[in-house]
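Participant: Provided below are the primary sequence and the corresponding predicted coordinates.
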Amino acid sequence: MICLLTMTILSVVIGKGQQHDFSIFKDSRLLLHPDALLLADSGYQGIKKHHQNSTLPVKKKKRPTAFGRRQSR
């Protein structure tokens with residue numbers, strides 16, 4: 001966890017072996033102030049259940065092509 005005002009590292013949590021970031025976060029039982037804004041990546045789906053003041057990135061919508069079909073790569 002990093003303070004965006006001072007860019008100071010506030011907390012570091014380490015998991016054992018291969019483990020999802022969100023699982024490590026839940027297992028750490030880190031106490032966050034309810035007013036603290038939590039910025040997380042898309043790997044933290046469901047974080048709102050644990051911390052109401054959290055934000056995840058918004059997925060960009062795909063635009064259809066001229067004929068309404070996706071182009072193949």
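Facilitator: Noted; the coordinates are in hand.
Participant: quick one: contacts for the spatially closest residue to residue 39 that is not a sequence neighbour?
Facilitator: Once flanking residues are discounted, residue 39 sits nearest to residue 55: 5.4 Å by CB to CB, 6 or more residues apart in numbering. Yep, even glycine has a C-beta here, placed from its N, CA and C like the rest. Taking CB atoms under 8 Å, 6 or more residues apart in numbering, we find residue 55 in contact with 37-40.
Participant: so which of those sit within strands?
Facilitator: Assigned to strands by DSSP state E, the following of the contacts of residue 55 qualify: 38-39.
Participant: from the contacts of residue 55, which is closest to residue 50?
Facilitator: Set against residue 50, the nearest of the contacts of residue 55 by CB to CB is residue 38 (9.0 Å).
Participant: can you point out the buried residues in stretch 47-64?
Facilitator: Residues of stretch 47-64 classed as buried: 47, 51, 54, 56 (neighbour count, 16 or more other CB atoms under 10 Å).
Participant: ramachandran angles for the third one?
Facilitator: What that stands for is residue 54. Main-chain dihedrals, residue 54, degrees, to the nearest 10: phi -120, psi 150.
Participant: and it, how far from residue 1?
Facilitator: 12 Å (CB to CB, to the nearest Å).
Participant: please apply the same query to the first one.
Facilitator: From residue 47 across to residue 1, the span is 13 Å (CB to CB).
Participant: now do residue 43
Facilitator: Residue 43 sits 15 Å away from residue 1, going by CB to CB.
Participant: strands of the protein, start to end?
Facilitator: Applying DSSP E to the chain gives strands spanning 2-3, 8-9, 38-39, 54-55.
Participant: contacts for the first one?
Facilitator: Just to be clear, that refers to strand 2-3. Applying CB under 8 Å, 6+ apart, the contact partners of strand 2-3 are 8-10.
Participant: and of the residues you listed, the nearest to residue 26?
Facilitator: Looking across these and measuring by CB to CB, the closest to residue 26 is residue 10, at 18.1 Å.
Participant: tell me how far residue 46 lies from residue 29.
Facilitator: Distance, residue 46 to residue 29, using CB to CB: 16 Å.
Participant: go ahead and confirm residue 28 touches residue 13.
Facilitator: Yes. Between residue 28 and residue 13 there is a contact at 4.4 Å, judged by CB atoms under 8 Å.
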